[in-house]
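Undergrad: This is a predicted model, with the sequence first.
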Amino acid sequence: ACPARGTLLADGRTDLFLSLLLRAVGLAVGGATGGVGHLAFERVSRLVRSLVAARADARIVPGLEAMIPGSPLTLALAGCGAQPTDRLRVIAGDSRGKGWGGIVTLLGDVFYGLHDHDFVVHTRSMFGGLQRSAQPPRSLRCEGPTVTHFAYFGAGSLSRSALFSALAGRDDGFAALADDERRTRGPLQALKTDPLSRRPFEAWLADFGLRENARKPVLLVLPGIMGSELQRRDGGDRIWLTLGAMLDGSLERLALEDPDARADGSALRAGGLLAASYERLLDEAHSRFRVVAVPFDWRLSIEHSGAGLREQLRAIVERLDDGTVPVHLLVHSMGGLVARQALYVDVAGKALWQDLKQRGSRLVMLGTPNKVPTRRRCCCCVSTGWPRCSRCWRARCPTATWRASAPASPVCCRCCRTTATRPSATCSMPPAGSASPRPSMAPSCPTRRC
């Protein structure tokens with residue numbers, strides 16, 4: 001847990017935090033003078049102000065100044081190399097889910113800017129130090145509610161046995177330091193200049209031909225609802241999700257007001273996965289799978305997205321020379337519904353899934369809302385794709401046409417279920433609640449098809 005690259009606890013955010021804390025305590029104490037509480041506040045206030053003022057002065061508190069990220073000492077250490085015989089073993093901690101259902105860790109995450117941390121040192125800093133080339137460094141990454149900066153040596157700590165193993169010259173439980181650092185949350189993943197989450201489909205397929213990927217299984221990653229970035233179809237600016245689009249009103253472009261635009265998403269297209277949510281997953285899986293990120297326009301229908309996924313799966317299968325390589329699907333939330341639509345609904349999809357299963361492929365769902373409640377809809381909604389019912393429920397009808405033109409006592413025109421694609425001059429089906437046929441119901445048919 002060494003702050004080899006400094007600790008964010010010693011940078012400017014601590015000054016702001018302490019200033020706000022003193023201000024809050026000062027307001028609580030109020031203008032009262034005298035008393036033990038007021039005297040203690042004054043002394044603590046003077047101590048904090050003096051520490052803040054001298055924090056970056058190496059002549060006064062050199063130890064604290066050395067732990068500021070970007071300080072001369074941390075920069076000097078990062079540029080030095082170790083001896084060929086030197087070995088480095090790092091134990092790095094990350095607190096998870098600590099205190100009142102994880103609220104304490106959540107507050108720490110906010111303070112450290114969404115870095116992994118042990119409440120004193122952010123975890124990414126622990127992987128720094130002198131460069132080693134002859135002896136690759138190894139590390140042990142501990143995470144859990146018992147991990148804090150002050151608990152590495154405790155009798156029940158996750159690092160105690162590994163610590164004594166390292167002292168004895170063994171590497172029990174240690175892994176390559178580069179791998180542990182890569183899966184550690186550091187600066188926001190969205191700030192990467194070339195994130196994997198934004199690679200186009202063609203770039204993923206181009207990696208299939210690399211020799212080191214010849215025997216790796218394929219892994220498709222589908223995001224959840226709102227988990228795909230949306231950008232202009234001409235390759236312009238991203239609309240979802242960027243701070244600039246939120247500030248300049250560009251989010252209005254997400255609306256699908258034109259019914260004809262629902263087929264292709266208007267002027268927007270899915271350009272990648274949200275890096276903040278999926279980048280670490282893609283980075284971790286990239287070393288073991290031929291990964292393919294599959295964004296989709298979550299504004300459009302499941303049917304449209306499912307058809308697109310089925311075409312991408314066919315392109316992947318055609319690219320594979322070995323008929324035994326599995327093609328796994330890792331789907332999150334709404335992505336699971338898209339996968340089900342692509343592989344379980346029609347004959348073509350079912351045949352494709354049978355072919356994938358013969359390869360040993362798997363479909364893994366994470367938080368997919370598979371059991372959607374069944375809602376009764378009126379028969380006038382047949383043309384909009386809603387499930388048909390035998391009775392009209394005016395309050396639940398989602399179509400503005402029915403709400404505007406329906407009579408006070410709505411009568412269900414059952415013939416709409418069978419003649420929804422062609423007009424009929426006479427209705428031969430009885431209305432809801434009626435046992436006898438009633439002809440010529442055209443005036444009360446909300447779909448105006450009879």
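TA: Nice, thanks for sending it over. All values reported here derive from a predicted model rather than from experimental measurement.
Undergrad: any idea how far the helix or strand containing Ala40 is from the chain center?
TA: Counting by DSSP states H and E, the element that carries Ala40 is helix 36-54. In terms of Cα atoms, centre = their mean, to the nearest Å, the centre of helix 36-54 is set 42 Å apart from its chain centre.
Undergrad: How about residues contacting the helix or strand just after that helix?
TA: Next in sequence after helix 36-54, counting helices and strands by DSSP H and E, comes helix 62-66. Applying Cβ atoms under 8 Å, 6 or more residues apart in numbering, the contact partners of helix 62-66 are 6, 10, 51, 55-58, 71, 73-74. Backbone N, C-alpha and C define where each C-beta goes, glycine included.
Undergrad: Those: which two are farthest apart?
TA: Maximum pairwise distance in the contacts of helix 62-66, criterion Cβ to Cβ, is 19.8 Å, between Leu51 and Thr74.
Undergrad: I'd like to know which of the contacts of helix 62-66 are buried.
TA: Neighbour-count burial (16 or more other Cβ atoms under 10 Å) is assigned, among these, to 6, 10, 55-56, 71, 74.
Undergrad: can the residues you listed go into a markdown table with extra columns for distance to Asp248?
TA: Below are these laid out as a markdown table (distance: Cβ to Cβ, whole Å):
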| residue | distance to Asp248 |
| --- | --- |
| Gly6 | 36 |
| Ala10 | 37 |
| Arg55 | 38 |
| Ala56 | 37 |
| Ser71 | 38 |
| Thr74 | 38 |
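Undergrad: which one among the residues you listed gets closest to Thr123?
TA: Closest to Thr123 out of the buried ones among the contacts of helix 62-66 is Gly6 (13.0 Å), distances taken as Cβ to Cβ.
Undergrad: Quick check: phi and psi on the closest residue to that closest one other than its chain neighbours?
TA: The shortest distance from Gly6 to any non-neighbouring residue, by Cβ to Cβ, 6 or more residues apart in numbering, is to Pro69 (3.5 Å). Main-chain dihedrals, Pro69, degrees, to the nearest 10: phi -60, psi 130.
Undergrad: What distance do you get for Pro69 to Arg138?
TA: Taking Cβ to Cβ, to the nearest Å as the measure, Pro69 and Arg138 are separated by 24 Å.
Undergrad: cool, and Leu167?
TA: Leu167 sits 14 Å away from Arg138, going by Cβ to Cβ.
Undergrad: Counting neighbours around each, name which of these two comes out higher.
TA: Arg138 (19 against 9; other Cβ atoms under 10 Å).
Undergrad: circling back: with pLDDT and distance to Ile316 added, can I get the contacts of helix 62-66 in TSV?
TA: As requested, the contacts of helix 62-66 are exported to TSV (pLDDT from 0 to 100; distance: Cβ to Cβ, whole Å):
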residue	pLDDT	distance to Ile316
Gly6	86	44
Ala10	79	49
Leu51	73	58
Arg55	70	54
Ala56	69	54
Asp57	73	59
Ala58	69	57
Ser71	80	49
Leu73	78	50
Thr74	79	45
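Undergrad: What helix or strand is the nearest residue to Leu196 once chain neighbours are set aside located in?
TA: Computed as Cβ to Cβ, 6+ apart, the closest residue to Leu196 that is not its neighbour in sequence is Leu282, at 4.2 Å. Using DSSP H and E, Leu282 sits in helix 275-285.
Undergrad: Using PDB, write out every CA atom in the helix or strand that that helix is followed by.
TA: Sequence order places strand 290-293 as the next helix or strand after helix 275-285, per DSSP H and E. C-alpha atoms of strand 290-293 as PDB (Å, rounded to 0.1, in the frame of the first residue of the first chain):
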ATOM      1  CA  ARG A 290     -11.500 -12.400 -29.300                       C
ATOM      2  CA  VAL A 291     -13.700  -9.600 -28.000                       C
ATOM      3  CA  VAL A 292     -16.400  -7.900 -30.000                       C
ATOM      4  CA  ALA A 293     -18.200  -5.000 -28.500                       C
END
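Undergrad: Tell me which other helices or strands strand 290-293 touches.
TA: Here strand 290-293 touches helix 201-206, strand 218-222, helix 275-285, going by 3 or more Cβ pairs under 8 Å, 6 or more residues apart in numbering; DSSP states H and E.
Undergrad: who are the neighbours of the longest one, in terms of helices and strands?
TA: The contact analysis (3+ Cβ pairs under 8 Å, 6+ apart) places helix 275-285 against strand 218-222, strand 290-293.
Undergrad: ok, whichever helix or strand comes after the longest one: who's next to it in the sheet?
TA: Sequence order places strand 228-232 as the next helix or strand after strand 218-222, per DSSP H and E. Using DSSP bridges, strand 228-232 pairs in its sheet with strand 238-240 (antiparallel), strand 268-273 (antiparallel).
Undergrad: Give the rounded mean pLDDT of the longest one.
TA: Mean pLDDT, computed over strand 268-273, is 91.
Undergrad: do stretch 149-163 as well
TA: Stretch 149-163 shows a mean pLDDT of 87.
Undergrad: Over to stretch 80-98?
TA: Per-residue pLDDT values over stretch 80-98 give a mean of 84.
Undergrad: Please state the offset of it from the chain centre?
TA: Centroid separation between stretch 80-98 and its chain, computed with Cα atoms, centre = their mean, is 28 Å.
Undergrad: for stretch 5-25, same thing?
TA: On Cα atoms, centre = their mean, the centre of stretch 5-25 falls 29 Å from the chain's centre.
Undergrad: on that earlier part again, which single one of the buried ones among the contacts of helix 62-66 is nearest to Leu254?
TA: Using Cβ to Cβ, the shortest approach to Leu254 within the buried ones among the contacts of helix 62-66 belongs to Gly6, at 40.7 Å.
Undergrad: returning to that earlier point: can you redo the contacts of helix 62-66 as JSON lines with distance to Arg96?
TA: Converted to JSON lines, the contacts of helix 62-66 look like this (distance: Cβ to Cβ, whole Å):
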{"residue": "Gly6", "distance to Arg96": "23"}
{"residue": "Ala10", "distance to Arg96": "23"}
{"residue": "Leu51", "distance to Arg96": "30"}
{"residue": "Arg55", "distance to Arg96": "29"}
{"residue": "Ala56", "distance to Arg96": "32"}
{"residue": "Asp57", "distance to Arg96": "36"}
{"residue": "Ala58", "distance to Arg96": "35"}
{"residue": "Ser71", "distance to Arg96": "29"}
{"residue": "Leu73", "distance to Arg96": "30"}
{"residue": "Thr74", "distance to Arg96": "26"}
